[in-house]
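S.K.: Structure, please.
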Amino acid sequence: MSVFITGGNRGIGYAIATELAEAGHNVTVTYRSGEPPAHSYLPGQEHTGGRFLAVRCDVTDPEQVDMAFKQAETEHGPVTSLVSNAGITRDGLLARMSEDDFTAVLDANLTAAYRVAKRALPGMLRAKGGRMVFISSATAMHGEAGQTNYAASKAGLIGLSRSIAREYGSRSITANVVAPGLTATDMAAALPEDRIKALLGQIPLGRLGQPEEIARTVRFLIDGGSYITGAVIPVDGGAGMGH
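M.R.: Numbering: from 1, shown residues only. Down below sits the predicted model:
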């Protein structure tokens with residue numbers, strides 16, 4: 001199976017890429033800047049020992065998205081599973097949030113998900129089946145002060161996914177959302193210690209999630225979730241229960 005993962009160079013995306021590659025899938029990951037992720041190979045390179053193909057791609061650019069898919073298709077064949085994970089934050093209180101900060105987050109987190117889903121769809125239709133997984137956030141359900149843009153973008157993924165599920169379920173294409181809570185990534189590491197402590201107080205399990213825990217959930221949806229579609233699966237230590 002050929003899997004395409006956006007934002008796979010670190011954190012949750014990298015954990016998902018590693019999990020699926022180790023499960024035997026042909027994995028392509030996108031990265032926007034810097035060095036390609038560890039244990040990867042570049043298009044046209046020998047990939048002895050490489051776990052996955054790394055393609056530079058800014059998911060807010062339709063031409064780059066199309067080129068990344070073409071490279072994945074050349075190396076691994078038609079994409080039959082998509083994990084839309086790439087995203088950004090530009091936090092701030094609503095009264096001070098600029099239009100640029102709002103629209104930039106919506107474009108990177110939500111519009112880009114539409115973009116890659118639409119690009120992946122023809123191959124899935126030809127294959128008579130496919131899996132789409134959108135990485136949202138517990139913030140999508142309960143909101144968060146200072147993150148109106150981020151929460152709106154992540155909540156939008158739920159409507160996007162469920163609409164795709166209804167449109168293409170008859171074609172054996174599933175679309176689901178995984179909603180991580182506070183996870184041990186670079187984003188969490190940048191938070192002040194007192195903020196981390198306050199957030200942990202809202203999590204019944206009392207700890208941060210690990211990227212590998214998110215990755216195992218995604219693998220389940222891709223490898224074993226053939227009768228699950230339109231679902232929102234929280235992986236948040238119980239923080240979002242009731243939403």
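S.K.: Distance of the residue positioned nearest the centre of the chain relative to Ala179?
M.R.: The chain has Asn85 as the residue nearest its centroid, 1.7 Å off, counting by CA atoms, centre = their mean. From Asn85 across to Ala179, the span is 12 Å (CB to CB, to the nearest Å). C-betas here are computed from N, CA, C, even on glycine.
S.K.: The residue nearest to the centre of the chain: what's it in contact with?
M.R.: The neighbours of Asn85, taking CB atoms under 8 Å, 6 or more residues apart in numbering as the test, are Ile5, Thr6, Gly7, Gly8, Ile12, Gly13, Ile16, Ile135.
S.K.: In helices, which of the residues you listed appear?
M.R.: Those of those mapping onto helices are Ile12, Gly13, Ile16, per DSSP state H.
S.K.: where does the lengthiest strand in the chain sit relative to the chain's centre, distance-wise?
M.R.: When the chain is parsed with DSSP state E, its longest strand is strand 173-180. Strand 173-180 sits 9 Å away from the centroid of its parent chain (CA atoms, centre = their mean, to the nearest Å).
S.K.: Which residues belonging to that strand are considered buried?
M.R.: Residues of strand 173-180 classed as buried by neighbour count (16 or more other CB atoms under 10 Å): Ile173, Thr174, Ala175, Asn176, Val177, Val178, Ala179, Pro180.
S.K.: about what we covered before: which of the ones in helices among the contacts of Asn85 are buried?
M.R.: In the ones in helices among the contacts of Asn85, burial by neighbour count holds for Ile12, Gly13, Ile16, counting by 16+ other CB under 10 Å.
S.K.: burial measure for the nearest residue to Asp223 once chain neighbours are set aside, as a count.
M.R.: Nearest residue to Asp223 in three dimensions, chain neighbours excluded: Ala23, at 6.6 Å (CB to CB, 6 or more residues apart in numbering). Applying the criterion other CB atoms under 10 Å, we find 14 residues in the vicinity of Ala23.
S.K.: just Tyr227 next, same as before
M.R.: Residues contacting Tyr227 under the criterion other CB under 10 Å number 6.
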